[in-house]
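Chemist: Predicted model and sequence follow; I will ask about them next.
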Amino acid sequence: MSENPQINLREISEAARRLTEALGRIVASARHFPEKLGPYSKEAAAAVSDIIDASKDAASHDNAAGVHLSATRVNLDGDKAAAHIADAPAMLDDTKAVARDTSDLIAHVKKAAQRETDSAKKRELIIATDKATQAATILAEAAKAVANRQPGAEQQLVNAAKQLETTIRAVLKSNPRSKSGQDFIPLLDAARKVAEETSKLVDVLRVVSGKPKDATAQTQLVVHAQATGEAIRGLVEAAENLTCGHKECKEAVDIIQRAIGDLDATAISATVPGLLKAPASKAGATNQQCKEELIALSRDLAGVTSKLVNASKNNPEELGASAKAASELVPQIVESAIALTAATADSKAQQDQLKLVKNAVDSLLVLVQASRMAIGNPHDKDVMLSLAEAAKSVSGGITELVSSLRGGVLGLRACDEAMKAIDALVSELNSASSAGGKTYGQCTDELTVNAKNLVDKMSQMVAAAKNAQAQPEKVGETCLAVSKLMPVLVAVARASAGAATDDKVSQKLLASARTVVTTSRDCVGSTKNVAADPKNQASIIALSDSQRNVTTALAGLLGALREGATLERDAEMAIAKIQATTSDLDSAALFAAATAGQMEVQIQKGTSLDAVQQNLSKSVQKLSSTATAVSAGSTQNVSQEELGKRFKEYAGEIEQIAHQTKIVASLLGDLTAQQDVLTAAKALTLSSQSLILSARESASRPGDKTSQGGNVSEFGDASESPGESFLFSLTLLCLSNSYGKGGSWNYIA
């Protein structure tokens, strides 16, 4: 006898199958091959014997069923004893069987009474059993009297049998239900019914085998065969009801098969663009949400299938719960898969996703069926091998499905993380921050570099999105790279706003930086959408628009930077004015050379060369002072506005010196002297441009040694620095202006 009643139930089902086959052969051969009825009857008898044995073994695990079985045997054997009054040996054998059955009944009642917690029910069962035992004793005494042919003994036996039947009914009535949650009594009743109907069928076969053409016997055979078949169906149903997880597994198979049908229908619908719609419960769900949910459900299914396999091997009572859990997950998985398909534009990706889900669900169907089979065949190597293979197939299907979704989901999660990080920076741009000792020019340089870096990272991010199918995780990496760059850009933008001297410019810088941040965040979002569904044209167009918006926002930020760069603007204006002066001197020199010393300059009557030279000398002295102020302002804590004012004053003085130089040149009679003084003035304008550029760079970037032009008070080789070049040009002009004064004019002294 097996310790596992599930094995006994499987044996019952197998024996019922053999009995059904034997029954079919009996009916088929009854009319034309009566000689085969004997062997077929033996097959049927053997199957019934196996059914009875397996039913008894299964019920032996339940005390309530044991009581029922023993009590029923006592009653049947008592009826047989009364029926065999004329056959003393058979009657005595039946009486001995009653004694054995009564002993078994007492043993089962003791076990049942020990587990019964209700004292009243326990007492009722014990009293009923005592009365049944007494009735069995009376039956045995009456049988002996009949065997000894005592007068009136036969009636005593009949009465004793009736009394025994009454007491047995009382025992069955007081018999407690099973404490294990499974009631084996219906199984025993069904097995007894099969045995009774088969016995009646065999009785008819005795007649049919001798009179195969007897129509009445053939009719009775068909009737009893149908009754036996009905009894077999009742037995199979009773066995299935006791089989752990049978009902749940059957329901799970139905649910999974319907789910597979839904997936097939979805695959067909997906071939027609625009036909497939997401389930109502998933309306509005994004591609990422569907993937996230599908991954979570797949992992839940992996856990359930593990429990399903464990229950099949070790805990049959848990099979039902595991099968039910699996059947509840499958419709959710299919629903999420359909929603994901509806949220995907690429037809190939749609079919690939559905195929992976279907593979996992198909494997689960096989596993549920294998688990159901393994419950009753734990020692069958083929069955257990099938279970292991089915479990491996489900695990592989789930792993493949999750792997196909995981890379993309991780990338999309990184996109979410990047957007969250960027979004948190918007509020920081409500106010400027300290420049930390940096000049506006330095902040401008840093912000320009960061803007360029952002453009580069954005380009990499967009490229990764368009290649998301091949490298889905790359999308998240590039989005995070953009988000990591943004805090630096924001910090520099706030510092630039703090370094700006104009409040309007400061506010414009902050607003422009906010626009850069928000458009960058939106661009990451658009990148995420393309990564989720790379062939979705609407998402691709939105990404292009987002990228364009970032470019526009950066252009606005750089424009705001230039608007705040007043020093740059003033320097450019001053240089432009000096360049115009240089051109004017070039024109004057060319004209003088072409016209033998003629100059296009208006001179007041009575103007002397000496007076004009004196005026030029004063202008040169003044320019020297202004140049010193410009040079000093570039290295001292002078505002952009003040330094810019000095640039403009300097350019004005250069213009005045150029005008005075042309007058001096026009009053000189020597063509060579004219060209010398004009060339010296031109050299001064050129060195002045370098001086202003150097001063601007020194003021904008005080820590950059390459921008230091040298102080105008230093003197040396004119090629060494803008300041030294300026001094050389200034000296050259002074020397040229001394023509006609009887020697060099010692200006430097």
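Modeler: Looks like it came in fine.

Chemist: only C-alpha atoms for contact and neighbour calcs from this point on.
Modeler: OK.

Chemist: Helices of the stretch 301-450 of the chain, start to end?
Modeler: Using DSSP state H, counting those that start in this stretch, the helices found in the stretch 301-450 of the chain span residues 319-342, 347-376, 381-423, 440-466.

Chemist: again, but for the stretch 1-150 of the chain
Modeler: 5-29, 37-59, 63-83, 88-115, 119-147.

Chemist: Tell me which of the ones you listed lies nearest to residue 539.
Modeler: helix 5-29 (57.6 Å; CA to CA).

Chemist: In the closest one, which residues are buried?
Modeler: For helix 5-29, burial by neighbour count (16 or more other CA atoms under 10 Å) applies to 5-20, 22-23, 25-27.

Chemist: helices or strands next to that helix in the packing?
Modeler: Under the contact criterion of 3 or more CA pairs under 8 Å, 6 or more residues apart in numbering; DSSP states H and E, helix 5-29 touches helix 37-59, helix 215-242, helix 347-376.

Chemist: With mean pLDDT and mean neighbour count as added columns, please give those in TSV.
Modeler: Shown next, in TSV, are the helices and strands packed on helix 5-29 (pLDDT from 0 to 100; neighbours: other CA atoms under 10 Å):
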stretch	mean pLDDT	mean neighbour count
helix 37-59	82	21
helix 215-242	84	19
helix 347-376	86	22
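
Chemist: CA-only coordinates of stretch 616-634, as PDB, when you get a sec.
Modeler: C-alpha atoms of stretch 616-634 as PDB (Å, rounded to 0.1, in the frame of the first residue of the first chain):
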ATOM      1  CA  LEU A 616      50.300 116.900 -31.800                       C
ATOM      2  CA  SER A 617      52.900 116.600 -29.000                       C
ATOM      3  CA  LYS A 618      50.200 117.500 -26.400                       C
ATOM      4  CA  SER A 619      47.800 115.000 -28.000                       C
ATOM      5  CA  VAL A 620      50.500 112.300 -27.800                       C
ATOM      6  CA  GLN A 621      51.200 113.100 -24.200                       C
ATOM      7  CA  LYS A 622      47.500 112.800 -23.400                       C
ATOM      8  CA  LEU A 623      47.200 109.500 -25.300                       C
ATOM      9  CA  SER A 624      50.100 108.200 -23.300                       C
ATOM     10  CA  SER A 625      48.200 109.000 -20.100                       C
ATOM     11  CA  THR A 626      45.000 107.400 -21.500                       C
ATOM     12  CA  ALA A 627      46.900 104.300 -22.600                       C
ATOM     13  CA  THR A 628      48.300 104.000 -19.000                       C
ATOM     14  CA  ALA A 629      44.700 104.300 -17.700                       C
ATOM     15  CA  VAL A 630      43.600 101.600 -20.100                       C
ATOM     16  CA  SER A 631      46.400  99.300 -19.200                       C
ATOM     17  CA  ALA A 632      46.000  99.800 -15.500                       C
ATOM     18  CA  GLY A 633      42.200  99.300 -15.700                       C
ATOM     19  CA  SER A 634      42.700  95.900 -17.200                       C
END
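
Chemist: What's the mean pLDDT across stretch 126-138?
Modeler: Averaged across stretch 126-138, pLDDT comes to 84.

Chemist: Pull the residues that contact that stretch.
Modeler: With CA atoms under 8 Å, 6 or more residues apart in numbering as the test, stretch 126-138 has contacts from 98-99, 102, 105-106, 109, 113, 160-161, 163-164, 167-168, 170-171, 174.

Chemist: make it 6 Å
Modeler: The contact list for stretch 126-138, computed with CA atoms under 6 Å, 6 or more residues apart in numbering, reads 164, 167-168, 170-171.

Chemist: closest one to residue 322 among the helices and strands packed on helix 5-29?
Modeler: Residue 322 lies closest to helix 347-376 among these, at 9.5 Å (CA to CA).

Chemist: and the closest one, what does it pack onto?
Modeler: helix 5-29, helix 287-313, helix 381-423 (3 or more CA pairs under 6 Å, 6 or more residues apart in numbering; DSSP states H and E).

Chemist: With distance to residue 484 added, can I get the helices and strands packed on helix 5-29 in CSV?
Modeler: Below are the helices and strands packed on helix 5-29 laid out as CSV (distance: least, CA to CA, whole Å):
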stretch, distance to residue 484
helix 37-59, 69
helix 215-242, 63
helix 347-376, 32
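
Chemist: Of the ones you listed, give the one that comes closest to residue 453.
Modeler: helix 347-376 (34.2 Å).

Chemist: Give me the angle between that closest one and helix 287-313.
Modeler: Orientation of helix 347-376 against helix 287-313 (axes from the mean of the first three to the mean of the last three CA atoms, to 10 degrees) gives an angle of 20 degrees.
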